[in-house]
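1. the sequence isn't on hand, but the structure is:
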């Protein structure tokens, strides 16, 4: 088969955060497949066929992409952020495993991208400076009790938390529940970042305490970072957002 | 003060994985500061003063950068991967917090980069397709018992693990101990990826079982990914590395 499939991370939104390699893969594609707002980020050009689809049909979209690639087309599947982090790459490999055996021999590549937690962290300092975890709060694909057990484990083990898919109209209470669990384990002054639409024109970044975060609004474009016990704020001038960072050291380390 | 400090992620090594924004920040710099191999990645040009330093002097290097920026220079501090993930950004903000109060008002920006776990994951499929955590195995800056407690927590809660700084000549046994702990909790067939020097000319990626990984050599350029209970291999043809991915779903999820 001469076709190929590239699963491409578009980064958080700013075209300056796309890698050159991802751009080259986009430039070489004949078919562009993805969720409507991600397809819309890629400029139209002659010879590029666009297939924008609704959210929540990831595996159908992946099968469509694999079918096109198997027919000899150069196909690009686009995701926001990094395709391997709560995005399309896993859906593509699910489709490969359960689909036409010939798909296993296609040239499938993944172009990494700047995922939301890295972009959000960069905007406010270095909150991911220590050990951290990335957790999706969506219970569409995993039971809520698995999510709470994972939250409990990483809160007690003092990881920084990056929470993806914190809230949507169909999942209005999950973020509040997660922050409530955090408040049982971490102090109310724990720094929390709500990073909305990072690097896009409607970017809004708020640095708050955990107590404040429990009352703050968020939406599905928000990435939430919950600090660990060591995470600190550095106050700056009036009107300047404080820096947030997590020191590399944990007290009690022995000599190097 | 008219100086500025950009903390820049160079990505895993392939220049194609640098973002345009990071490239622009490098192009605008007057002083380049970093660990020798990262400074070496940036081409020399007239007007760019290079200050390469040894590893393990991160805070000294950060203070030097802040001093230069405070004197009016446009300074770039370079890190491999993403500067906010086990790299220079946290050291810079530690220096800011404990240093000259005027440093808090400098224009300090962080340019995110493709961190090793994203590049490694992209090379072999989508092993980070579910919840995952990033943990440094270095006990230079945190006690080993904190590391083992964190490993135990995330292994039991079924996260995928990305292990940074797995081994060095001064820390020869930590990776083996971590994989031994994993073997107490996860089955011997658990997929493990050793991704060495990802995207660089000497790249070497091995996909193994956890049992095999316990016997396999690694070095400080290696990023280790330990799969969760759901992580799967997709066998391909003879001589082709299998794809590795973690499905998005955890069994038992309710209706969407």
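-> Great, that's in hand. Source: prediction; values computed, not measured.

2. contacts and neighbour counts: CA atoms only from here.
-> OK.

3. residue A:171 - how many residues pack around it?
-> When neighbours are counted by other Cα atoms under 10 Å in any protein chain shown, residue A:171 registers 16.

4. leaving out chain neighbours, which residue sits closest to it?
-> residue A:138 (7.5 Å; Cα to Cα, 6 or more residues apart in numbering or on different chains).

5. surely the one you found is in contact with residue A:163?
-> No. Checked against Cα atoms under 8 Å, the pair residue A:138 and residue A:163 is beyond contact range at 9.7 Å.

6. okay, now the sheet partners of the helix or strand where residue A:192 lies, with direction.
-> For residue A:192, the host element (DSSP states H and E) is strand A:191-196. Strand pairing for strand A:191-196, using DSSP bridges, gives strand A:204-209 (antiparallel), strand A:222-226 (antiparallel).

7. is it possible to get CSV of these that adds mean pLDDT and mean neighbour count?
-> Output for the strands paired with strand A:191-196, formatted as CSV (pLDDT from 0 to 100; neighbours: other Cα atoms under 10 Å in any protein chain shown):
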stretch, mean pLDDT, mean neighbour count
strand A:204-209, 97, 17
strand A:222-226, 98, 25
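
8. residues contacting the helix or strand of chain A at the bottom of the mean pLDDT ranking, please?
-> Here the helix or strand of chain A ranked lowest by mean pLDDT, DSSP states H and E is strand A:49-53, holding a mean of 93. Here strand A:49-53 makes contact (Cα atoms under 8 Å, 6 or more residues apart in numbering or on different chains) with A:30, A:31, A:32, A:33, A:34, A:35, A:36, A:39, A:61.

9. if we can go back for a sec, quick one: closest of the strands paired with strand A:191-196 to residue B:3.
-> strand A:204-209 (24.6 Å; Cα to Cα).

10. contact partners of the closest one?
-> By Cα under 8 Å, 6+ apart, strand A:204-209 touches A:188-198, A:241-242.

11. let me know the closest of those to chain B.
-> residue A:242 (9.0 Å; Cα to the nearest Cα).

12. pretty sure the closest one contacts residue A:235?
-> Yes. Residue A:242 is in contact with residue A:235 according to Cα under 8 Å; the separation is 4.6 Å.

13. which of these two has more neighbours?
-> Neighbour count, other Cα under 10 Å: between residue A:242 and residue A:235, residue A:242 has more, with 19 against 14.

14. what distance do you get for the more buried one to residue A:113?
-> 27 Å (Cα to Cα, to the nearest Å).

15. packing partners of the helix or strand residue A:78 falls within?
-> Per DSSP H and E: residue A:78 is located in strand A:74-79. Applying 3 or more Cα pairs under 8 Å, 6 or more residues apart in numbering or on different chains; DSSP states H and E, one finds that strand A:74-79 contacts strand A:4-9, strand A:31-35, helix A:36-39, helix A:58-70, helix A:88-98.

16. would TSV of the contacts of strand A:204-209 with pLDDT be doable?
-> As requested, the contacts of strand A:204-209 are exported to TSV (pLDDT from 0 to 100):
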residue	pLDDT
A:188	98
A:189	98
A:190	98
A:191	98
A:192	98
A:193	98
A:194	98
A:195	98
A:196	97
A:197	97
A:198	97
A:241	94
A:242	97
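
17. buried subset of those as a PyMOL selection?
-> A single PyMOL command selects the buried members of the contacts of strand A:204-209 (16 or more other Cα atoms under 10 Å in any protein chain shown):
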select buried, chain A and resi 188+190+191+192+193+194+195+196+197+198+242
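
18. which regions of the stretch 151-256 of chain A sit below the pLDDT cut-off?
-> A:253-256 (pLDDT under 70).

19. how about the residues of it by chain B?
-> A:153-154, A:157-159, A:234-237, A:243, A:245-256 (Cα under 8 Å from any Cα of the partner chain).

20. by how many degrees do the strand or helix carrying residue A:22 and strand A:74-79 diverge?
-> Element membership of residue A:22 [criterion: DSSP H and E] is helix A:20-27. With axes from the mean of the first three to the mean of the last three Cα atoms, to 10 degrees defining the directions, helix A:20-27 sits at 120 degrees from strand A:74-79.

21. is there proximity between helix A:20-27 and chain B?
-> Yes. Counting by Cα under 8 Å from any Cα, chain B is contacted by helix A:20-27 at A:20, A:21.

22. helices or strands up against that helix?
-> Using 3+ Cα pairs under 8 Å, 6+ apart: helix A:20-27 touches strand A:4-9.

23. hmm, 10 Å instead?
-> strand A:4-9, strand A:74-79, strand A:107-111 (3 or more Cα pairs under 10 Å, 6 or more residues apart in numbering or on different chains; DSSP states H and E).

24. of those strands, which approaches residue A:222 most closely?
-> Comparing the helices and strands packed on helix A:20-27 by Cα to Cα, strand A:74-79 comes nearest, at 16.2 Å.

25. run the chain-centre distance for that closest one.
-> 18 Å (Cα atoms, centre = their mean, to the nearest Å).

26. next, the angle from it to helix A:58-70.
-> Using the same axes, to 10 degrees, strand A:74-79 lies at 160 degrees relative to helix A:58-70.

27. so what strands line up beside strand A:74-79?
-> strand A:4-9 (parallel), strand A:31-35 (parallel).

28. winner for burial among these?
-> Comparing those by mean neighbour count (mean count of other Cα atoms under 10 Å in any protein chain shown), strand A:4-9 ranks first with a mean of 27.

29. what mean pLDDT does that strand get?
-> Across strand A:4-9, pLDDT averages out at 98.

30. taking strand A:107-111 as reference, get the angle to that strand.
-> Going by the same axes, to 10 degrees, strand A:4-9 makes 10 degrees with strand A:107-111.

31. starting at the chain centroid, how far to strand A:4-9?
-> For strand A:4-9 - counting by Cα atoms, centre = their mean - the centre lies 17 Å from the chain centre.

32. stretch A:93-107 too?
-> Counting by Cα atoms, centre = their mean, stretch A:93-107 comes out at 25 Å from the chain centroid.

33. how long is it from one end to the other?
-> Per Cα to Cα, the first residue of stretch A:93-107 is 12 Å away from its last.

34. so is it next to chain B?
-> Yes. Counting by Cα under 10 Å from any Cα of the partner chain, chain B has neighbours in stretch A:93-107: A:93, A:94, A:96, A:97, A:98, A:101, A:102, A:103, A:104, A:105, A:106.

35. my read: the second one touches residue B:234, true?
-> Think residue A:94. Yes. Assessed by Cα atoms under 10 Å, residue A:94 is found in contact with residue B:234 at 9.4 Å.

36. settle it for me: which of the two has more neighbours?
-> residue A:94 (22 against 16).

37. need the contact list for the more buried one.
-> A:58, A:59, A:62, A:63, A:88, B:126, B:232, B:234, B:245, B:246, B:247, B:248 (Cα atoms under 10 Å, 6 or more residues apart in numbering or on different chains).

38. try it again with 7 Å
-> By Cα atoms under 7 Å, 6 or more residues apart in numbering or on different chains, the contact set of residue A:94 is residue B:247.

39. ok, it to residue B:84 distance?
-> Counting by Cα to Cα, the gap between residue A:94 and residue B:84 amounts to 31 Å.

40. go ahead and confirm residue A:119 touches residue B:112.
-> Yes. Using Cα atoms under 7 Å, residue A:119 makes contact with residue B:112 at a distance of 6.1 Å.
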